[in-house]
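In: take this sequence and fold it.
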Amino acid sequence: MLTLSIEPLTRKAFAPFGDVVDTDGLAPLLINEGYARRFNDLATIDVTAEGGQINISWFVASTRPAPIAIRLMERHPLGSQLFMPLNRKDWLIVVCTDPHIASTYRAFAATGHQGVNYARNCWHHPLLVLEDSSPFFVVDRKGGGDNLEEYWLEEMMQLDLAPDSILGK
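Out: From the prediction side, this is the model:
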């Protein structure tokens, strides 16, 4: 059993897998007579393959037992998938470029102010939260076609995350 180390979520580190959705370092556009700030172009939503449309949804995720067992990876070949936490609580992200190759797996610690937009075909683990009943705003694809591929890891490839020790909790 391998233990996957967790690194901070940054735009540069996550770029091969999609977009980090946050406003750090970005200049806002003042709107509404200066009473609101708007941050544009935070992610590239890619859902139109095979006639797909944008789907806006709300997920509520539960915690998993520690250490967190990484046994399943998934990807969406017809569209991107954006997750933005609504409770401002830290959460975890696991991605890889090839689920058959252990060295391609990466784990990221996202702050409660960061979301991610998984690029089309990006292998990722289902939602991983550190607090029960964590709500997320989700933008993804709806429509025809097969937009979900799952890969169950063989026993020798299975990974564990230990967020308590790594995140200092």
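In: how far out from the middle of the chain is stretch 95-114?
Out: The chain centre lies 9 Å from the centre of stretch 95-114; the measure is C-alpha atoms, centre = their mean, to the nearest Å.
In: list the buried residues for that stretch?
Out: Within stretch 95-114, the residues scored as buried using 16 or more other C-beta atoms under 10 Å are 95-96, 99, 105-110, 114. C-beta coordinates here come from the backbone N, C-alpha and C atoms, glycine included.
In: return the closest of those residues with respect to Ala61.
Out: Nearest to Ala61 among these, counting by C-beta to C-beta, is Ala110 at 12.8 Å.
In: picking that back up, hmm, which two among the buried residues of stretch 95-114 are most spread apart?
Out: Using C-beta to C-beta, the pair of those lying farthest apart is Pro99 and Gln114, separated by 23.9 Å.
In: in strands, which of the buried residues of stretch 95-114 fall?
Out: Using DSSP state E, 95-96, 106-110 are the members of those that sit in strands.
In: what is the nearest of the residues you listed to Glu154?
Out: Of all these, Cys96 has the smallest distance to Glu154: 14.0 Å, by C-beta to C-beta.
In: what does the most centrally placed residue in the chain show for phi and psi?
Out: Nearest to the geometric centre of the chain sits Val116, at 4.7 Å (C-alpha atoms, centre = their mean). Val116 adopts backbone torsions of phi -130, psi 150, taken as degrees, to the nearest 10.
In: distance check, it against Glu33.
Out: In this view, Val116 and Glu33 are 33 Å apart by C-beta to C-beta, to the nearest Å.
In: swap in Ser62?
Out: Using C-beta to C-beta, we find Ser62 at a distance of 42 Å from Glu33.
In: for the protein, just list every one of the helices.
Out: For the chain, applying DSSP state H gives helices covering 11-14, 163-166.
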